[in-house]
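1. any chance you can model this:
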Amino acid sequence: MASNLITALLRPDEFFDEHSGEEAALALPLGIVFVYAILSGIVGYQMASLMAPMYEAALEGYGGIIAIFGGIGGFVSAIIVWIVAAVIFYLLSMIFSGEGSMKKVLEAVGYGIAPLIASVGVAMVYLAIIKDQVITPVIHDIMDPTAAEAAVEAFMNQQVMADFTLLQTVLSVVFMIWAANIWYSGIRYGRMLSTRNAAITVFIPVGIYLIIVIASYGVI
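-> Purely as a prediction, here's the structure:
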């Protein structure tokens, strides 16, 4: 399994070409997605824990519940990323009369999730390091949307969180490009597409996603 993962990560064209005639094997991709979901859940829990004191004055005693929901949200969101990406690639490849099964697409997308594990792993470590440096504003009136918005803005604009946002933006771009390269090869052989059609199927939605990520940081 380890050799399969290394080949898929570093030589995806070779890997998916070699396995193109085989039935989809979802065990390893599912394991990759599960690890990604666990780490995403931890990051969600960390972020929610840092922000929970913001609501403590209005929701006393609910900080732990907020953190737990943050963790659950992070875990579920990671699973959704895998499924939604697979559905998008499958539907787009239908335009080009792709012939492989949905399971082959789920397999390819699962392998492509592997680089994203590094992104959430770095985020998890960073948040653990800076947690004692974070200053959390307090919202005294949770029914006041202006006060809530100002508190969240102050929280995210402090230097350690601004650095975290920049780090996440850079990591998202770098590792998503790596993931897209794996997805390109996986969709090309899994759905029996030409290089052009596979590129359109994968790189257009990924490109749109990256534009949104970069734009949200205010670079463009």
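
2. Ile182 versus Ile129, what's the distance?
-> Ile129 sits 29 Å away from Ile182 when distances are taken as C-beta to C-beta, to the nearest Å. Heads up, the C-betas are built off the backbone N, CA and C, glycines and all.

3. neighbour count for the two, which is higher?
-> Set side by side, Ile129 and Ile182 show more neighbours around Ile182, with 25 against 10, by other C-beta atoms under 10 Å.

4. can you name the helix or strand that that one falls in?
-> Of the helices and strands defined by DSSP states H and E, Ile182 is found in helix 159-190.

5. report the rounded mean pLDDT for that helix.
-> Model confidence over helix 159-190, given as mean pLDDT, is 94.

6. mind checking how far it is from the chain centre?
-> On the basis of C-alpha atoms, centre = their mean, to the nearest Å, helix 159-190 is displaced by 8 Å from the centre of the chain it belongs to.

7. next: stretch 8-16.
-> On the basis of C-alpha atoms, centre = their mean, stretch 8-16 sits 21 Å off its chain's mean C-alpha point.

8. return the set of buried residues in that stretch.
-> Residues 8-9, 12, 15-16 are the ones in stretch 8-16 that count as buried (16 or more other C-beta atoms under 10 Å).

9. of these, closest to Val206?
-> Within those, proximity to Val206 (C-beta to C-beta) peaks at Pro12, which comes in at 14.3 Å.

10. which one is the closest one nearest to, not counting chain neighbours?
-> Closest residue in space to Pro12, ignoring its immediate chain neighbours: Ser185 at 3.8 Å, by C-beta to C-beta, 6 or more residues apart in numbering.

11. any idea of the mean pLDDT for the helix or strand harbouring Gln46?
-> Secondary structure from DSSP H and E places Gln46 in helix 27-51. What helix 27-51 shows for mean pLDDT is 95.

12. between helix 159-190 and it, find me the angle.
-> Helix 27-51 and helix 159-190 are oriented at 160 degrees to each other (axes from the mean of the first three to the mean of the last three C-alpha atoms, to 10 degrees).

13. just checking, what packs against helix 27-51?
-> Where contact means 3 or more C-beta pairs under 8 Å, 6 or more residues apart in numbering; DSSP states H and E, helix 27-51 is packed against helix 2-10, helix 63-95, helix 102-130, helix 145-157.

14. ok so, going back, state the distance from the residue nearest to Pro12 to Ala148.
-> When distances are taken as C-beta to C-beta, Ser185 and Ala148 turn out to be 45 Å apart.

15. so between these two, which is more surrounded?
-> For Ser185 versus Ala148, the count of surrounding residues by other C-beta under 10 Å is larger for Ser185: 24 against 17.
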